[in-house]
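Enquirer: Fold the following and give me the result.
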Amino acid sequence: MDLSDYIDKTRKLIYETIDEEIPKLPGKKDSPEVFARQAMRYLITNKNGSLSRPLLLKATSDMYGISDSISLPLGFTAEAIHCASLILDDLGCMDDARTRRGKRCTHLQYGNATANMVVHKLKDLATQIIIDSYLLDSDVIIALSSEIGSTSLRMFEGQNADLRGKDTSIEALIQMYSDKTSALLSYSLAAPAIVAEEEEEVEILKEIGNNLGIWYQINDDIMDISMTSKEAGKTTGTDEKSLVVVHGMDIANRLKMEYYEKTIEGLESLSGDNEILSRIIKHKMESSRAH
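Expert: Numbers count the residues shown, from 1 in each chain. Okay, the predicted model is just below:
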């Protein structure tokens, strides 16, 4: 299958799923219910998003023959948690960002209080979708609920380390990246293996997600100092504690290549037909390596 066609088709399915899970509400825009719903939809329906997490979850699900009726709602849970984390990161008390995905940040568009409520609502909705699924066995629901819970906790630890951590050694920064960024990528890749009860591959996929996330964050650090906010589609130049700023571009590029190679090695260790998944990950990494 042509990769571009697969990605375009899957993106369309993901946005359709988002509309099903968070439908528009009729009524006046200034009514509390409509205002809150618009705020919930603001970032997650923004077509400038990469949708990397639900896309990876869908590709891994296809590898295991999991139906769209299961994989697409699960993909929504990954994107909902991701968007919640972005809204939180952008707040004035966090990164104090101005733009996200080429538009004003949620807290600037709808206010800090509403943005905070959206964060909680998106995370709660993601959990509820898993718990309420009638297509999954109870053991799988418990395992997925545990996984999404531990993922959220790791993301909290990563954000806390970013905000308050004093240790800027390479090891500490890599651990922060693993918690803040890799955790949700690991969930996105491992969730289908949990559904398919492929226990041996759950850990392999988590490790692929871990290495991919660290690679992504290092790459993001490089883009942060080499691209304008307009080019990146988000506020840049604000991270004073990144690996690039603290340890320099040479070390950042060396580690970026190291985690690129680890990700590829992990993909090669998977069994089954993982061609689409491998092509998507390689495409995303290769298309960003020049930055």
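Enquirer: hmm, who's touching the helix or strand hosting R279?
Expert: Secondary structure assignment for R279, by DSSP states H and E: helix 275-286. Residues outside helix 275-286 that contact it (CB atoms under 8 Å, 6 or more residues apart in numbering): 1, 3, 6-7, 50, 52, 55-56, 59-60, 62-63, 208, 212, 215, 260, 263-264, 267, 270. Heads up, the C-betas are built off the backbone N, CA and C, glycines and all.
Enquirer: any idea how far A191 is from M223?
Expert: Using CB to CB, to the nearest Å, A191 is found at 28 Å from M223.
Enquirer: Over to L25?
Expert: Distance, L25 to M223, by CB to CB: 36 Å.
Enquirer: Equivalent analysis for L56, please.
Expert: Applying CB to CB to L56 and M223 gives a distance of 20 Å.
Enquirer: got it, and T77?
Expert: Distance from T77 to M223, by CB to CB: 27 Å.
Enquirer: more crowded one of the two?
Expert: T77 (28 against 16; other CB atoms under 10 Å).
Enquirer: Skipping adjacent residues, who's closest to that one in space?
Expert: In this structure, T77 finds its nearest non-sequential neighbour in A126, 3.9 Å apart by CB to CB, 6 or more residues apart in numbering.
Enquirer: wait, what's in contact with that neighbour?
Expert: A126 sits in contact with F76, T77, A78, A80, I81, I148, where contact means CB under 8 Å, 6+ apart.
Enquirer: which residues sit in contact with the last one?
Expert: So that's I148. With CB under 8 Å, 6+ apart, I148 has these contacts: T77, I81, A126, T127, I130, Y187.
Enquirer: what comes up buried for the strand or helix carrying it?
Expert: Under the criterion of DSSP H and E, I148 resides in helix 138-164. Going by neighbour count (16 or more other CB atoms under 10 Å), the buried part of helix 138-164 is 140-141, 143-144, 147-148, 151-152, 154-155, 157-159, 161-162.
Enquirer: Looking at these, which gets the smallest pLDDT?
Expert: Taken together, the buried residues of helix 138-164 show their lowest pLDDT at D162, with 89.
Enquirer: Please enumerate the helices of the stretch 151-291 of the chain.
Expert: 170-177, 183-195, 199-226, 229-232, 243-247, 249-268, 275-286 (DSSP state H, counting those that start in this stretch).
Enquirer: and those helices, which one's lowest on average pLDDT?
Expert: Across those, helix 229-232 gives the lowest mean pLDDT, at a mean of 62.
Enquirer: Against K24, how distant is the closest residue to A39 other than its chain neighbours?
Expert: What sits nearest to A39 in space, not counting adjacent residues and going by CB to CB, 6+ apart, is Y110, at 4.2 Å. Taking CB to CB as the measure, Y110 falls 16 Å from K24.
Enquirer: These two - which one has more neighbours?
Expert: Y110 (20 against 11).
Enquirer: Enumerate every residue touching Q217.
Expert: Applying CB under 8 Å, 6+ apart, we find Q217 in contact with Y177, K180, T181, S182, L243.
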